[in-house]
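[1] Sequence first, then the predicted structure:
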Amino acid sequence: MQPTAPAAIPPAVASKRSPSPLSKSGRERYFPDATDAQWNDWRWQFRNRVTTVDELVKLLPKLAPVADVQREILRDFRMGIPPYYLALIDPDDPEDPILKHAAPLQGEYAFRDVGEEDPLGEEQYSPVPGITHRYPDRVLMVISNSCAIYCRYCTRKRIMYEDAVPDVEIDRMVEYIARTPAVRDVVVSGGDPLTCGTKKLESILSKLRAIPHLEIIRIGTRVPVSLPQRVDDELVAMLQKYHPLWVNVHFNHPRELTPEAAAACDRLSRAGIPLNNQSVLLKGINDDVATMRALVTGLMKMRVRPYYLYQCDPVRGAEHFRTPIAKGLEIIEGLRGHVSGLAIPTYVIDGPGGGGKIPVQPQYLLHYDAARKKALLRNFQHRVFEYSEPDAAQPHSGELRPARPSQVVPNANGAGAADGKKRANGNGNGNAAPKKARVRADGQPVVGKSSWVHRGHSREERLRSAEASTRGADAPTPAT
């Protein structure tokens, strides 16, 4: 199959590729000698990641007091920060959210012995190395141990040692999927699969797509966030050969929604690849309503749908990022009714030891009485409503019946209101006669109250209606 060239990007979108002011100033501050060709080359970005404490302190001198702590942390866990992502760090803000994402800090050292190596029990659900088969119809496939950036809260910190996954192991993963017909969906993950070369990634996708019962391929990646230069024309042209293909991205903070990241997502979208976002709720980074609202609305403008908001997993060394469950509920509550439903992620907790994703939502169903077929509900404004369920024991016969009093259309003076209350007419006496129920030509009542004439009616119909009205007939008022 020949690759299809990505659709041309219009000027309005192409203009968004100019760097964000923070990224531009960070590049000038941290990497003044980098040429445009180097900066826009994802391989240069990957090779020049900051991986040692000495490099980090040279660029961010204010971290010097915690350098010894950082060295201790890196005895257990890796660090890797691409120049592009490091350029987003504000060196004058010790609470900078981008810094907390990427650099080992005091909290990680303090909690280095707290938490689990494999909090989700992935290895106990692994029939072959690299595969996690927790759900009946889908599997997780880890094809890479390396990432463009090593997030300090990562669930899979235990495997981040940057040795390439051998081809023989990848082939065993593919073979397992091929001999397991129940599997219809695979999540290709890592590490980060987009750190693989394009040819290697295509060899894996082509093997997966050749499996008849495999319907959906998803790629989980943080590359559009931390290394958007990787999403180039060659990669996108390759990916769009393997539809239906989905990409789950991982933005956590609105500061990550840069023009460069938006351009990377736009390229994927224009290749017909739907984008969903998976965020992690992180203390001191995005654990407030205003930050999360800015994130989800910004994602929607980039055509990325907020998908999941994860409770931070109890992984070793990440305890300082974890929040109470009440904080996640507060954030979802603060989004509901204030942003589009499309922008509200599902808040989930991954059950410890392999329980899978468990949705946790604010309580909107206050009471449910199945016997009385009644529910008590509240909305985002904390207003309470009683809802009645359909009663199958009293089916409607389908016969046309005379209009009930509640069906009488109130006239201009309010007479005939369904609540039975008198309302003052134009003279203030409240005794106006109720408006006669409308009837069809065959004498049967007209069901419904509306006297609107839909705009879709022809001019001739509206004229006939107007003439009938002037003759005193009980006809709808013509639309203007």
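    That came through fine.

[2] what residues are up against the nearest residue to residue 145 once chain neighbours are set aside?
    Spatial nearest neighbour of residue 145, excluding adjacent residues (Cβ to Cβ, 6 or more residues apart in numbering): residue 191 at 4.8 Å. C-betas here are computed from N, CA, C, even on glycine. For residue 191, the contact set (Cβ atoms under 8 Å, 6 or more residues apart in numbering) comprises 142, 143, 144, 145, 146, 147, 156, 159, 160.

[3] Sitting in strands, which of those residues do you find?
    residue 142 (DSSP state E).

[4] Could you work out the most separated pair of the contacts of residue 191?
    143 and 160 (14.0 Å; Cβ to Cβ).

[5] ok, those two, which is more surrounded?
    Between residue 143 and residue 160, residue 143 has the larger neighbour count (other Cβ atoms under 10 Å), namely 24 against 18.

[6] Hmm, residue 288 is touching residue 331, no?
    Yes: taking Cβ atoms under 8 Å as the definition, residue 288 is a contact partner of residue 331 at 7.4 Å.

[7] want to throw the contacts of residue 191 into TSV with pLDDT and distance to residue 361?
    TSV is the format used below for the contacts of residue 191 (pLDDT from 0 to 100; distance: Cβ to Cβ, whole Å):
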residue	pLDDT	distance to residue 361
142	93	30
143	93	33
144	90	34
145	87	35
146	89	36
147	92	31
156	86	27
159	75	32
160	72	33
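
[8] which of the contacts of residue 191 tops the neighbour count?
    Neighbour tally across the contacts of residue 191 (other Cβ under 10 Å): the maximum, 26 neighbours, falls on residue 147.

[9] State the distance from that residue to residue 250.
    According to Cβ to Cβ, to the nearest Å, residue 147 stands 10 Å off from residue 250.

[10] Need the residues touching each of these two.
    Common neighbours of residue 147 and residue 250, counting by Cβ under 8 Å, 6+ apart, are residue 222.

[11] returning to what we had before: which one of residue 288 and residue 331 is surrounded by more residues?
    Counting neighbours by other Cβ under 10 Å for residue 288 and for residue 331 shows that residue 331 has the greater number, 26 against 13.

[12] Name the nearest residue to that one, ignoring sequence neighbours.
    Excluding its sequence neighbours, the residue lying closest to residue 331 (Cβ to Cβ, 6+ apart) is residue 292, at 5.0 Å.

[13] cool, and residue 257?
    Excluding the flanking residues, the one nearest residue 257 by Cβ to Cβ, 6+ apart is residue 298, at 4.4 Å.

[14] starting at the chain centroid, how far to the host helix or strand of the one you found?
    Using DSSP states H and E, residue 298 maps to helix 289-301. Offset of helix 289-301 from its chain centre (Cα atoms, centre = their mean, to the nearest Å): 10 Å.

[15] which element follows the one helix or strand residue 309 maps to toward the C-terminus?
    Using DSSP H and E, residue 309 falls within strand 305-311. Using DSSP H and E, the next helix or strand after strand 305-311 towards the C-terminus is helix 325-335.

[16] Now do that following helix: everything it contacts.
    In contact with helix 325-335 (Cβ under 8 Å, 6+ apart) are residues 281, 283, 287-289, 292-293, 296, 309, 311, 343-345, 347, 349, 360-362, 380.

[17] List only those of the residues you listed flagged as buried.
    Neighbour-count burial (16 or more other Cβ atoms under 10 Å) is assigned, among the contacts of helix 325-335, to 281, 283, 287, 292-293, 296, 309, 311, 343-345, 347, 349.

[18] Please tell me I have it right and residue 361 contacts residue 348.
    No: contact criterion Cβ under 8 Å: residue 361 and residue 348 do not qualify, at 9.7 Å.

[19] Noted, bye for now.
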